[in-house]
Every structure is written in structure tokens, then in C-alpha cells.
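Chemist: I need the structure of the sequence given here:
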Amino acid sequence: MAMIINHCATLLLISLFLLISLFGLSNAAATYNVMKYGAKADGITDSTQAFLKTWAAACSSRQTAFMYVPKGRFLLKAAVFRGPCKSRVLVQIDGTLIAPTDYRALGNSGYWILFIKINGLGVYGAKLDAKGAGFWACRKSGKSCPVAARSITFNWVNNLVISDLVSINSQETHLVINSCKNVVVRNVKLSAPADSPNTDGIHVQGSTWVTITGATLMTGDDCVSIGPGTKHLHMNKIMCGPGHGVSIGSLGKDVKEAGVQDVTLTNAVFSGSDNGVRIKTWARASTGFVTNILFQNIVMRNVKNPVIIDQNYCPSNNGCPNQSSGVKISQVTYKNIQGTSATAEAVTFDCSPSNPCRGIKLQDIKLTYLNKVATSSCNNIDGTSTGVLMPQSCVRS
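Modeler: Next up is the predicted model:
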């Protein structure tokens, strides 16, 4: 009960953040405009230091601080916006932030824009253009490339709102939520070409009480990837495609690994993606687990693997030949999933022989292939099947 009350209080606080953003600042808020700290909206002048100076001032404010980026194009190199701050900080970005055309200018840190160790943060608006094409070309060429930079990352940020973010052409993942608590992501659009390598839309890991509502994700990798230690993740109104679907995993790469639990995806549409809803684990020993998962009210449009559990994930057959996955998968529900598969096998459950999937529930599944009945396959799984089932379920109790 205490957890529920605390979560409700946090949602109220987040709502207040949104109200301040949408209807103007209260008299108690201090405003910090990046232009007053030397930023130039010409898309040519390096504004990194101006942004960092603005952040330092806002973060030091003892009253709610409002960091403002006006319309225009701002060139930004790798930037760390570090806390803790003395009060809440609301960042309104009406302009476009662009990365250097030379991908090497972002260095080897693994990030472009990083917010870290902050309690009480709102980021509203913003269009991010990471200029990723040069980096993708380097990676595809097989040459030595710097570490890929994720476009915007939040590490150890609690009570966070991200709203109306647009991100294009990330070098790698667009948006990372790592080790955060009480997060709302709403109305975001993240896109990169279908052949851009490893450009995940949203990656969530080690975080609790994360809500993602209203996301349009067109990527070269997972639309949403869910890593170890994720709890209470709720996703609603997700549009995915192109991309590799919504993936729990890959998990089980390490022997000692935190589990994933209490994840829901509802009211989602997948269009032309490589996968729909996927759970993938390495075929190797691990203490990890996946439990209490719900996929509900989902439409598939020409998706290659609409429903899939793959516990034999082993890229390039390196590091796990002749092993089985130690990740325990249980209590996963698939309910009201309809549409079309791009392959004859629409439902694939390839579970671990040493740790079979338990408590898998299928209810009202209707997936077709070329206007015909699709097929399903099952290995090492038990559960229940009810309602309309197309293809015929292979899940047995």
C-alpha cells in the first residue's frame, strides 16, 4: 500500500511538471535562457559550453528552474548535464539540437546528451539530429570506429518527464532510461532508416515505474528494448515499424543478472517490422528471469515474427554453442493479438530445454499469412490457450 501511495504522489508531482510546462511558469520559477549564456542559433557555432553554463546556473537555483532553448539550430557536442540540483529543473527546447557532421567529434564516451543523478527533471520538446549517417557508414565498412553515441541518455534520474521529443538519425540508441525511478515518456517520435545498425528507439534498463505513452518508433533495431533489472514498465499506444519490434532482452548474457518483471504493452501497432512482441535470451547459464508480462490489444501488419520467444539467441554462434538458457520465463500473457504475418509461422515459442517456459497464456489470437491460416511451433513450454486461436495453439498444460 505504501508503494502505491508513493507512486501516486510521484504521478501527481509529474503532472504538476506538465502543467507548469504547458500553462506557463509560476512566480516561484527562475528562467535561464541559453542565448544569455552565449549560445548561437545558427547551427554552425559550437554552443556546448553555453548550454553547460546555463545548466549549471539552473541546477544551482534554490527555486524551480526553467532552462529555455528558443527556436533555431544549435550545434552541440557531447554534453553532460549533471546533478544533483538544488531544486526541480524544467528544460523546454523549442529549437533543434544538431550533432557535428564529423561523427568522431563526439569522442568515445558512448553518449551525445547525458543527464545524470538528478531528482525532479522535465524535458519538453526538442528535435535532436545526431547526423548518424557517417557513423553507420564507418561501421558498415568494417573500419575502426569510435564508440557509438546514444542520442539522449538518462542515468540515475528520478521523477522524470520526457515529452514531445523528436529524434532522428541517432548513431545508436535514440533514448536510454537507465537506473531511473518514476518516469513518464509521452508523445515521442524516434526515427532512423531501417538499415541503420543498432539504432534502437527506446532502451529501458535497471529502472522501475516507467510509463511510455504515445510513441512512434521507426528504427534499424528494436523499437523498444528492455534490459535486466526493469520492473513496472507500462507501454501504451506504441507504433512500431520499421524495426525489430518490442523486445525483452537480450537477457542472460551474464551469469548473474537481474530479472525483468511486471511489464505491459497495450494498444500497439506493428507495421512491417522484423518482430512483433519478442523475448530473447542467450543460450547460456544465467540467474536471470522474466515474469508477469502482458501483451494485449495488438495489431500486426505484415510482421515477420509477430509472437516469438527465442531462448537460443546466439549471434554468430559465439559464446554459447551447446548450452541452454538459464533465464526462467513465466507468467506471460498474450491477449487479443490480430493481423497479418509476413512468414508462414506466426507464433514461435523456442524455450530453454533446461528451464522451460511456464504459465504462458494465449487468449484470442488471430494471425494470418497470405490470407491463409498461419502456423505455430512450440519447444519446452507449458501454459493455457483460450478463445479464438489462429493459428492453432501448440501450447499445452
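
Chemist: All the strands of the stretch 151-300 of the chain, residue numbers only.
Modeler: Under the criterion DSSP state E, counting those that start in this stretch, strands of the stretch 151-300 of the chain are mapped to 166-168, 175-178, 181-191, 202-205, 208-218, 224-226, 231-240, 246-251, 260-271, 275-282, 289-303.

Chemist: Please name every helix or strand in contact with the longest one.
Modeler: Okay, so that is strand 289-303. strand 246-251, strand 260-271, strand 275-282, strand 328-341 (3 or more CB pairs under 8 Å, 6 or more residues apart in numbering; DSSP states H and E). (Glycine included, C-beta is placed from N, CA and C.)

Chemist: can you dump the C-alpha coordinates of that strand into CSV?
Modeler: Backbone C-alpha positions of strand 289-303 (Å, rounded to 0.1, in the frame of the first residue of the first chain) are rendered in CSV as follows:
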residue,chain,number,x,y,z
PHE,A,289,14.2,-14.3,-15.2
VAL,A,290,11.2,-12.8,-16.9
THR,A,291,7.8,-12.9,-15.2
ASN,A,292,4.4,-11.2,-15.1
ILE,A,293,4.3,-9.9,-18.7
LEU,A,294,1.2,-8.8,-20.6
PHE,A,295,0.9,-8.2,-24.3
GLN,A,296,-2.7,-7.1,-25.1
ASN,A,297,-4.7,-5.4,-27.8
ILE,A,298,-2.1,-5.5,-30.5
VAL,A,299,-2.3,-5.3,-34.3
MET,A,300,0.3,-6.8,-36.6
ARG,A,301,0.6,-5.7,-40.2
ASN,A,302,2.9,-7.8,-42.3
VAL,A,303,5.3,-8.6,-39.4
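
Chemist: Figure out the helix or strand that the nearest residue to residue 84 once chain neighbours are set aside lives in.
Modeler: Of all residues not flanking residue 84 in the chain, residue 117 sits nearest, at 5.8 Å (CB to CB, 6 or more residues apart in numbering). Here residue 117 sits within strand 111-129, counting by DSSP states H and E.

Chemist: mean confidence score for that strand?
Modeler: Strand 111-129 shows an average pLDDT of 97 in the prediction.

Chemist: do the same with stretch 321-338
Modeler: Across stretch 321-338, the average pLDDT comes to 94.

Chemist: Which residues are in contact with the nearest residue to residue 328 once chain neighbours are set aside?
Modeler: Spatial nearest neighbour of residue 328, excluding adjacent residues (CB to CB, 6+ apart): residue 289 at 4.4 Å. Counting by CB atoms under 8 Å, 6 or more residues apart in numbering, residue 289 touches 259, 260, 261, 327, 328, 329, 330.

Chemist: Likewise for residue 153?
Modeler: Counting by CB under 8 Å, 6+ apart, residue 153 has contacts 111, 113, 114, 115, 175, 176, 178.

Chemist: pLDDT at it, what is it?
Modeler: Residue 153 is assigned a predicted lDDT (pLDDT) of 98.

Chemist: Pairing-wise in the sheet, spell out the partners of it.
Modeler: Beta-bridge pairing for residue 153 (DSSP bridges): residue 114, residue 176.

Chemist: hmm, back to that, TSV for the strands of the stretch 151-300 of the chain, including mean pLDDT and distance to residue 85?
Modeler: Shown next, in TSV, are the strands of the stretch 151-300 of the chain (pLDDT from 0 to 100; distance: least, CB to CB, whole Å):
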stretch	mean pLDDT	distance to residue 85
strand 166-168	98	24
strand 175-178	98	19
strand 181-191	98	16
strand 202-205	98	23
strand 208-218	98	21
strand 224-226	98	28
strand 231-240	98	25
strand 246-251	97	33
strand 260-271	98	30
strand 275-282	98	37
strand 289-303	98	35
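
Chemist: before we move on, back to that, give the buried residues for the strand holding residue 117.
Modeler: Across strand 111-129, burial judged by 16 or more other CB atoms under 10 Å covers 111-116, 118-124, 126-129.

Chemist: Return the angle between stretch directions for that strand and strand 181-191.
Modeler: With axes from the mean of the first three to the mean of the last three CA atoms, to 10 degrees applied, the angle from strand 111-129 to strand 181-191 works out at 50 degrees.

Chemist: Centre of the chain to the helix or strand following strand 111-129, how far?
Modeler: Next along the chain after strand 111-129, taking DSSP H and E as the criterion, comes helix 133-141. Distance of helix 133-141 from its chain centroid, counting by CA atoms, centre = their mean, to the nearest Å, is 23 Å.

Chemist: Closest to residue 273 out of the contacts of residue 153?
Modeler: Distance to residue 273 across these (CB to CB) is lowest for residue 175, with 18.0 Å.

Chemist: Tell me how far the closest one lies from residue 270.
Modeler: In this view, residue 175 and residue 270 are 19 Å apart by CB to CB, to the nearest Å.

Chemist: what's the burial count for residue 322?
Modeler: Neighbour count for residue 322, taken as other CB atoms under 10 Å: 5.

Chemist: Let me see the contact set for it.
Modeler: Counting by CB under 8 Å, 6+ apart, residue 322 has no contacts.
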